[in-house]
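I would like to see how this sequence folds:
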Amino acid sequence: MDPTDAQTACFEAGIKFGSLYHQFAGTPVSPDSADSLARAIEESIENQPHCESVSVEILTDELAAAIDDGAAEYTELTGQFLDVEIRIDYDDVDVLARMEMEDGYPMMRVADVDA
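Below you'll find the model as predicted:
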């Protein structure tokens, strides 16, 4: 059985999140570089097929607190510093997916499917 358009659109959202997280996790980041890194992530992921939009917020307060606790002027980008929303447009299906922290782990999930 072939997947439905809604299933394919959800799969596309998962591909975008996999690319986003595993490409950028570990990137050196500071509060001063957070905005430019967030824009670079958005623009990079938006290049992929069926990606309508990407919104990345790097949580600078949490970032600053982690840096205060460390020995360097920066830290590594991890899910704890990210709020991400991705919108996929596949044929007549619109999928909204989000990444947010849940119990200390970055959870990526489909928030809405409009078929």
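
how about the strands of the protein, start to end?
28-29, 51-58, 75-76, 82-90, 93-102, 105-114 (DSSP state E).

centroid residue for this structure?
residue 84 (4.0 Å; Cα atoms, centre = their mean).

list the contacts of that one.
Residue 84 sits next to 17, 20, 54, 55, 56, 57, 98, 99, 108 when contact means Cβ atoms under 8 Å, 6 or more residues apart in numbering. Glycine gets a C-beta too; all of them are placed from N, C-alpha and C.

try it again with 7 Å
Neighbour list for residue 84: 20, 55, 56, 98, 99 [criterion: Cβ atoms under 7 Å, 6 or more residues apart in numbering].

picking that back up, which among the strands of the chain is found nearest to residue 13?
When the strands of the chain are compared by Cβ to Cβ, strand 93-102 sits nearest residue 13, at 3.9 Å.

what are the buried residues along that closest one?
By neighbour count with 16 or more other Cβ atoms under 10 Å, strand 93-102 contains the buried residues 93, 94, 95, 96, 97, 98, 99, 101.

what does it contact?
With Cβ under 7 Å, 6+ apart as the test, strand 93-102 has contacts from 5-6, 9-10, 13, 17, 79-80, 82-88, 106-115.

now it, how far from the chain's geometric center?
A distance of 9 Å separates the C-alpha centroid of strand 93-102 from that of its chain, computed with Cα atoms, centre = their mean, to the nearest Å.

what's the mean pLDDT across that strand?
Confidence for strand 93-102, expressed as mean pLDDT, is 95.
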